[in-house]
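A.B. asks: model this:
(one chain, ligands or ions: 3)
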Amino acid sequence: MGNVSEAVMQEAMAAWGFDKTVIEVVRYGKGHINDTFCVETQEGQKKRRYILQRMSKTAFRHPEQLMANIVGITDYLSEKIRQVGGDPERETVTVKRTRNGEFFFTDSEGSAWRVYPFIEDTECLQNAVTPELFEASARAFGRFQYMLKDYPADTLYETIERFHDTENRYQNLMKAVEADVCKRAASVQTEIEFAKARKKDCSVCLQALREGKLPLRVTHNDTKLNNILIDKTSGKGLCIIDLDTVMPGLACNDFGDSIRFGANHNAEDERDLSKVNFDPELFEVYTRGFLQGAQGVISSQEKEYLPWGARLMTLECGMRFLTDYLEGDHYFAVHREGQNLDRCRTQFKLVSDMEKCWDQMREIVRKY
Ligand code: ADP
Ligand code: GN1
Ligand code: MG
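C.D. replies: Ligands and ions are numbered 1, 2, ... in the order given. Below you'll find the model as predicted:
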């Protein structure tokens, strides 16, 4: 099981009683943060699947706070979904308690684990296969904003401090360049200069927040396309997953992070940059879907900042990948040498494209 030992895997499985019912366990998904497994069980006549996750210790220091957030949010969403006649077992994730009735289990190495029932008959996309599917994801992420508009934000813990504090992400990059623990800085001068030339941009949304132009809302903060499950039958965005970073944040960042990942036709770690292009048509499709899904929750002032959200989430993510590359790839899972640097380069290429399409992006948003 890769970096997860057989022994702790057994402990975790036993915490939910899977040791008695398991047919198969496989590593699952393409997330960069947690160790995710799919467990198939035989329960009487029924075969069932579950998502078993070891939460990243590097990313999340307080699993009890993280899980309190998730339980709070998912209970609230279940109720809302029920009120409108939806199916809470498919339209939100549900935390499965351990045999001891806990929401998570801590193994003998100190790592925390959790389980969600697997939501069947869904697809998890790694890129916008069709504009229709991208729009469906947009509508669902917009609806997520709408459904959480009255959620008591002050009950949420900050699971990762200063998560989308782009100014601080810039400072962290500069510290990593200065420390240069892996002696990699000399080889990435172009990328470092790219970030430096955009230091001022890092403040745009934060400054608008400080000036009261943008409100803090309950946001998802990690709205990439593989954090939503699409219903295989209807093609609609069914369930928003990966709720680890649901915290007070900016709507334009939720919008922007989806654009960063989805509004192009290639992988986040594509090495041939000539294939990496920001697609204004996908930007338009997403804008339309997101605003429709949000049902009027996003103010006209916030709308003005949506293009900035796209540009800055992409720049920020590029800086985070570069920081991790310089620090020795501790945060984002890597499967090959230089992968975080490749990811940084695609993000910076997309930022350049967006800068070139800037007026067009602003016009598109004004249409909706
Ligand atoms: P990470 O934080 O590492 O990205 P995620 O919570 O996003 O972890 O889970 C990783 C992947 O596992 C998702 O991209 C998705 O493919 C799959 N997944 C997670 N939860 C479920 C679920 N309840 N049902 C089906 N698939 C899921
Ligand atoms: C991580 O967990 P995952 O793979 O869905 C990261 C996001 C980045 C993204 C880049 C908690 O998302 O912030 O934008 O990788 N999540 C966390 O692909 O850091
Ligand atoms: Mg994920």
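A.B. asks: Tell me which stretches of the stretch 151-300 of the chain form helices.
C.D. replies: 166-179, 189-196, 204-210, 251-262, 280-294, 300-304 (DSSP state H, counting those that start in this stretch).
A.B. asks: The longest one: which residues count as buried?
C.D. replies: Burial within helix 280-294, assessed by neighbour count using 16 or more other CB atoms under 10 Å, is assigned to 280, 282-291, 293-294. C-beta here means a position set from N, CA and C on the backbone, and glycine is covered the same way.
A.B. asks: quick one: contacts for the residue positioned nearest the centre of the chain?
C.D. replies: The residue lying closest to the centre of the chain (CA atoms, centre = their mean) is residue 222, at 2.4 Å. The contact partners of residue 222, by CB atoms under 8 Å, 6 or more residues apart in numbering, come to 242, 244, 245, 257.
A.B. asks: if we look at ligand 3, which of those residues are close to it?
C.D. replies: Counting by CB under 5 Å from the ion, residue 242 from these sit close to ligand 3.
A.B. asks: which residues in this structure form strands?
C.D. replies: Counting by DSSP state E, the chain has strands at residues 22-27, 35-43, 46-54, 105-106, 112-117, 122-123, 217-219, 228-231, 237-240, 247-249.
A.B. asks: tell me, how many neighbours does the residue nearest to residue 286 when sequence neighbours are not counted end up with?
C.D. replies: In space, and not counting its chain neighbours, residue 286 is closest to residue 138: 4.4 Å by CB to CB, 6 or more residues apart in numbering. When neighbours are counted by other CB atoms under 10 Å, residue 138 registers 30.
A.B. asks: Likewise for the one 3 residues further on?
C.D. replies: Summarising burial for residue 141: neighbours were counted as other CB under 10 Å, giving 27.
A.B. asks: likewise residue 158?
C.D. replies: Count around residue 158 with other CB under 10 Å applied: 13.
A.B. asks: how about the nearest residue to it, chain neighbours excluded?
C.D. replies: residue 247 (5.6 Å).
A.B. asks: cool, residue 192 as well?
C.D. replies: Nearest to residue 192 is residue 177, by CB to CB, 6+ apart, at 5.7 Å.
A.B. asks: ok, the one you found - contacts?
C.D. replies: Neighbours of residue 177 in contact, by CB under 8 Å, 6+ apart: 185, 192, 326.
A.B. asks: if we can go back for a sec, determine which stretch of the strands of the chain is the most buried.
C.D. replies: Counting by mean count of other CB atoms under 10 Å, strand 237-240 has the highest mean neighbour count of these, with a mean of 24.
A.B. asks: List the strands paired with it, with their directions.
C.D. replies: strand 228-231 (antiparallel) (DSSP bridges).
A.B. asks: Send over the partner strand as CSV, restricted to the C-alpha atoms.
C.D. replies: Taking Å, rounded to 0.1, in the frame of the first residue of the first chain, the C-alpha atoms of strand 228-231 are listed here in CSV:
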residue,chain,number,x,y,z
ILE,A,228,-17.0,16.7,-7.4
LEU,A,229,-18.8,13.5,-8.4
ILE,A,230,-20.9,13.6,-11.6
ASP,A,231,-24.0,11.5,-11.8
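A.B. asks: Going forward, the N-terminal residue is numbered 38.
C.D. replies: Will do, 38 is the new start, and the previous item becomes strand 265-268.
A.B. asks: Please state the offset of it from the chain centre?
C.D. replies: Centroid separation for strand 265-268 versus its chain: 14 Å, with CA atoms, centre = their mean, to the nearest Å.
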